[in-house]
Structures are given as C-alpha cells and as structure tokens.
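> what would the 3D arrangement of this be:
(one chain, ligands or ions: 2)
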Amino acid sequence: MNALAATNRNFRLASRLLGLDSKLEKSLLIPFREIKVECTIPKDDGTLATYVGFRIQHDNARGPMKGGIRYHPEVEPDEVNALAQLMTWKTAVAAIPYGGAKGGIGCNPRDLSKSELERLTRVFTQKIHDLIGIHTDVPAPDMGTNAQTMAWILDEYSKFHGHSPAVVTGKPIVSGSLGREAATGRGVVYATEALLAEYGKSIKGMTFVIQGFGNVGSWASRLIHEKGGKVIAVSDITGALKNPNGIDIPELLKHKEATGSLKSFNGGDSMDPNELLVHECDVLIPCALGGVLNRENAADVKAKFIIEAANHPTDPEADEILSKKGVIILPDIYANAGGVTVSYFEWVQNIQGFMWDEEKVNQELKKYMTKAFHNIKNMCQSHDCNLRMGAFTLGVNRVARATILRGWEA
Ligand SMILES: NC(=O)C1=CN([C@@H]2O[C@H](COP(=O)(O)OP(=O)(O)OC[C@H]3O[C@@H](n4cnc5c(N)ncnc54)[C@H](OP(=O)(O)O)[C@@H]3O)[C@@H](O)[C@H]2O)C=CC1
Ligand SMILES: O=C(O)CCC(=O)C(=O)O
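Ligands and ions are numbered 1, 2, ... in the order given. Predicted structure coming up:
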C-alpha cells in the first residue's frame, strides 16, 4: 500500500472510532494547498538541470503549518501528501500550536555539490517564499537536508521579506535552538523510556537494532549507548554492521564523520541490510525510509518493541502481522515528535528574541513527550485500541475540535 493510502486508512479508522461526521472527515483529509514547482539550476559544469519541488500544506486549524523538507530521489506527491498529513496529527499529539505540512525536492543530494545544493535550495525558496511564513507555514529539516539548508532558506526568504529567523527551524545555532539537532533522536529515547516503563523495563541492558545512521539514527544510537543500551546492529545506505556484544557507538560516530559511511568500521561484522530488520533484538528502531516493514518481512521480525523514528516505516499489512505476533509498536506521529517539538521551542525563541539554555530545551522536551505518551494511553483505554490508534484518535480529535470551534457546521 502506498504511503498516502496507508495514512488515509489510519486516519479513517481513527475517524470512525471518534464517530466524526463524514463531511468533516472529507474536509480534514483533503490538503489545504498543494504546491509543485520547477527548479532549474546551473550545475558546476555549466549545464542546466531541472528538479521538481513540492510543498504540501495539509491543515492549519490549530496553527501555522509545520514540517520538514526532504531531498531524496523518491520524493513524489503522494508520499509528500502522506507526510504532510502525518505532521497535522503529530503536532496535535504533541500538543504544540501548529498544523501540518511537508515538502521536498526529487533529487539525490549525494550527487550534488555543496554549491549546487545551495543554488537548488535558493531557487526552491524563490518559488515558494510567498506561500510560507512565520504565521503560515514554517519548514524544517528532514531526510537529505540539514541546518545549512535551513540557513540558505532563511537567507533567501529574508531577501523578500526582511530578516525572519522564525520562518524556518532546525537552523544553525546562530539563530537556531540549542538541542534541535539532537531533538528527534532524544525524543525517540524519551518515548522509548516511557513505553518500556509500562512493562517494568528500561533501556539499560536491552538490545537495539537501528536502521539509518543520519540525524535521527545517530543521535538515537548515541543516547541509547549513553544510557547503557546495547546497540547490536546499525545500517546506513552503504550497508549494515553487527556486533552481538554491542557496537562502540562513539567510535562509530567518529568513523562515519571521517569516512562518510559505516563501511570498513572494524568494531563489528558487516551484514546483509535486509537481515537487519529481522535481526534478533529487544527493540527495533527504523530511522530511515518509509514502508520498510511490510508483508515481505513482518512475519520474520524478532523484536519485541518497534519504535517508529522514521515516518510511516510500517505498512498497514505489516502492522496487522506484527500486532498478531504481539509486537508493541510506538507510532511515528508520537515517537519522532521530539524534532517538531523542539522546532516549536526554536520558533518561540526566535519570536521572543530570547535564547534558552540546552538544559531547559531538554527538560521541556521530556515534559511534552511524557505527557503525550500518557494522553495516548488514555485514548487507548477509552477506545480499546492499540498505540497507533491511540495516537491517531488523540491527534485527529484535537484537530477536529479546533476545526469545529473555528466555525465548521455540517
Ligand atoms: N530530522 C528530523 O528532525 C526528523 C526526521 N524524521 C524522520 O526520520 C527519518 C530519518 O531522517 P533523518 O535522520 O533526518 O535523515 P538523514 O538524511 O539525516 O539520514 C537518513 C539516514 O538513512 C540512511 N538511509 C537512506 N536510505 C537507506 C536505506 N535504503 N537503508 C538504510 N539506511 C538508509 C542514510 O544513509 P547515509 O548516511 O549513508 O546517507 C542516513 O543514515 C526520516 O523518515 C524522517 O522523515 C522524523 C522526524 C523529524
Ligand atoms: O521540525 C519540524 O518542523 C518538522 C520535522 C519533521 O519533518 C517531522 O517530524 O517529520
């Protein structure tokens, strides 16, 4: 099932549990606005290259639309649409005053030089600058983008609208927030702790398998390692690595920084990346692409807990198979909400012109993640449902209530 069909399905199941009116359901499902732009840039060799950029603004009933910008060869409208919708429910689950959006450019950032990436980002910003803004739509990093990308967007946007640091989050520290770079991984760890506590367990001594070693995967690995968890397998696009005694994550981080990949790290054995997701472990954390858990591999998953740090890593068919096996899944719209939560703190700091220290950022993040977990659990009890539906009913209900309060009448 493609990402949009899967996301719509989860939304409809939640809407039914909540008993939403069908007209309201339709209105919540259809995006507020879909933007598609042509981005042509001169390459370093003087030739021209054209890329397609998207920004899909899903809903703004609870506040300005919010969500990342992805640079990846597989970026296409249905996927961006699904990711934008997930942002709407995610910001509502996290109880931060935003709606949802997502954007992206179909390109392989590994094949572009830094100056080509800068030109592409600036052209994309020129095409969408009048449709984003501090109180309308606030982008942030996602796969293939980072703080530098956000700094270019801020600079280009500011040429049209004056200096506007709050127009993007996930910026470098000069106008960004302390703690934002680590926030998604840190939020994943707080979410994991909240879940494990329900089962009388903690991170210390448990075994973890982590797919993806970019922003989210590397921070999650580092923090789990610091808390005494044993990361026994990790992967990036170049391959996968295992060590049953636990990988030395600080050493692996140095290796990845120096070489750009996990390859040839001598603190573990290489493994088939397809084996990684079905490797024996206590906790599996996908931190890369969507749809990686599907009917092909779900029956073979051996983890007892899955923490969805990536967006929509679990296809609905896999969801069903895993649930029958008794695997506990912490859904993306909660598990990876730490990033957008600290993006909210960054936006607040930019608007106030006042910078928080990192301790305050992390304390507030923990408060938001812990509260959201208990709110999800309450929804699970009221609707007799699993954690995914607990999170969806929580998010959808908050957005539906805001929509009704703003004047919706069937
Ligand atoms: N950044 C954020 O704040 C947030 C991100 N997310 C989600 O988390 C996920 C990861 O995002 P982020 O860490 O920012 O992205 P990055 O681009 O920083 O990292 C992505 C990682 O995935 C790896 N990867 C790509 N393709 C594959 C593959 N086929 N098999 C294994 N690994 C692969 C990359 O490998 P390599 O290192 O070799 O390139 C990289 O390590 C995405 O689903 C994103 O939507 C969710 C919430 C917030
Ligand atoms: O920080 C943000 O605004 C959005 C992060 C994001 O894209 C996501 O949570 O998927």
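
> C-alpha only now, for contacts and for neighbours.
Will do.

> show me what the helix or strand that residue 345 is a member of is packed up against.
Under the criterion of DSSP states H and E, residue 345 resides in helix 338-352. For helix 338-352, the helices and strands in contact under the criterion 3 or more C-alpha pairs under 8 Å, 6 or more residues apart in numbering; DSSP states H and E are helix 180-198, helix 358-383.

> and those: which comes nearest ligand 1?
For the helices and strands packed on helix 338-352, the distance to ligand 1 is smallest for helix 180-198, at 5.1 Å, taking C-alpha to the nearest ligand atom.

> quick one on the thing from earlier: so of the helices and strands packed on helix 338-352, which one's packed in deepest?
helix 180-198 (a mean of 23; mean count of other C-alpha atoms under 10 Å).

> quick one: contacts of it?
In this structure, residues lying in contact with helix 180-198 by C-alpha atoms under 8 Å, 6 or more residues apart in numbering are 170, 202-203, 215-221, 223-224, 307, 309, 330, 334-340, 342-343, 346, 365-366, 369-370, 373.

> those residues also near ligand 1: which ones?
Restricting these to those touching ligand 1 (C-alpha under 6 Å from any ligand atom) yields 215, 216, 217, 309, 336, 339.

> circling back to that earlier point, now the helices and strands packed on helix 338-352 in TSV, with mean pLDDT and distance to ligand 2?
Putting the helices and strands packed on helix 338-352 into TSV (pLDDT from 0 to 100; distance: least, C-alpha to the nearest ligand atom, whole Å) gives the following:
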stretch	mean pLDDT	distance to ligand 2
helix 180-198	98	8
helix 358-383	98	13
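
> how about the ones you listed in CSV, adding distance to residue 101?
Converted to CSV, those look like this (distance: least, C-alpha to C-alpha, whole Å):
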stretch, distance to residue 101
helix 180-198, 17
helix 358-383, 21
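
> for the closest residue to residue 132 other than its chain neighbours, give me its contacts.
Leaving out its chain neighbours, the residue that sits closest to residue 132 by C-alpha to C-alpha, 6 or more residues apart in numbering is residue 138, at 6.4 Å. Taking C-alpha under 8 Å, 6+ apart, we find residue 138 in contact with 64, 65, 66, 67, 132, 166, 167, 168, 169.

> quick one: which of the residues you listed is nearest ligand 2?
When the contacts of residue 138 are ranked by distance to ligand 2 (C-alpha to the nearest ligand atom), residue 67 comes first, at 3.7 Å.

> just checking, the closest one touches residue 86?
No: under the criterion of C-alpha atoms under 8 Å, residue 67 lies out of contact with residue 86, with a separation of 9.4 Å.

> returning to what we had before: name the member of the ones next to ligand 1 among the contacts of helix 180-198 with the most neighbours.
Within these, most neighbours by other C-alpha atoms under 10 Å means residue 309, with 34 neighbours.

> contacting residues around it?
Contacts of residue 309 were listed using C-alpha under 8 Å, 6+ apart, and they are 184, 185, 188, 216, 285, 286, 287, 332, 335, 336.

> which of these lies closest to ligand 2?
Nearest to ligand 2, judged by C-alpha to the nearest ligand atom, of the contacts of residue 309 is residue 336 at 6.1 Å.

> now for the closest one: which residues touch it?
The contact partners of residue 336, taken as C-alpha under 8 Å, 6+ apart, are 184, 185, 187, 188, 308, 309, 310, 311.

> cool, residue 370 as well?
Applying C-alpha under 8 Å, 6+ apart, the residues near residue 370 are 190, 191, 194.

> so can I have CSV of those residues showing distance to ligand 1?
Supplementary listing: the contacts of residue 370 in CSV, determined by distance: C-alpha to the nearest ligand atom, whole Å:
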residue, distance to ligand 1
190, 14
191, 13
194, 18
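
> distance between the biggest strand by length in the chain and the chain's centre?
For the chain, the longest strand by residue count, based on DSSP state E, is strand 48-59. Strand 48-59 sits 18 Å away from the centroid of its parent chain (C-alpha atoms, centre = their mean, to the nearest Å).

> give me the helices and strands touching that strand, please.
Packing partners of strand 48-59 (3+ C-alpha pairs under 8 Å, 6+ apart): strand 33-42, strand 65-72, helix 77-93, strand 100-106.
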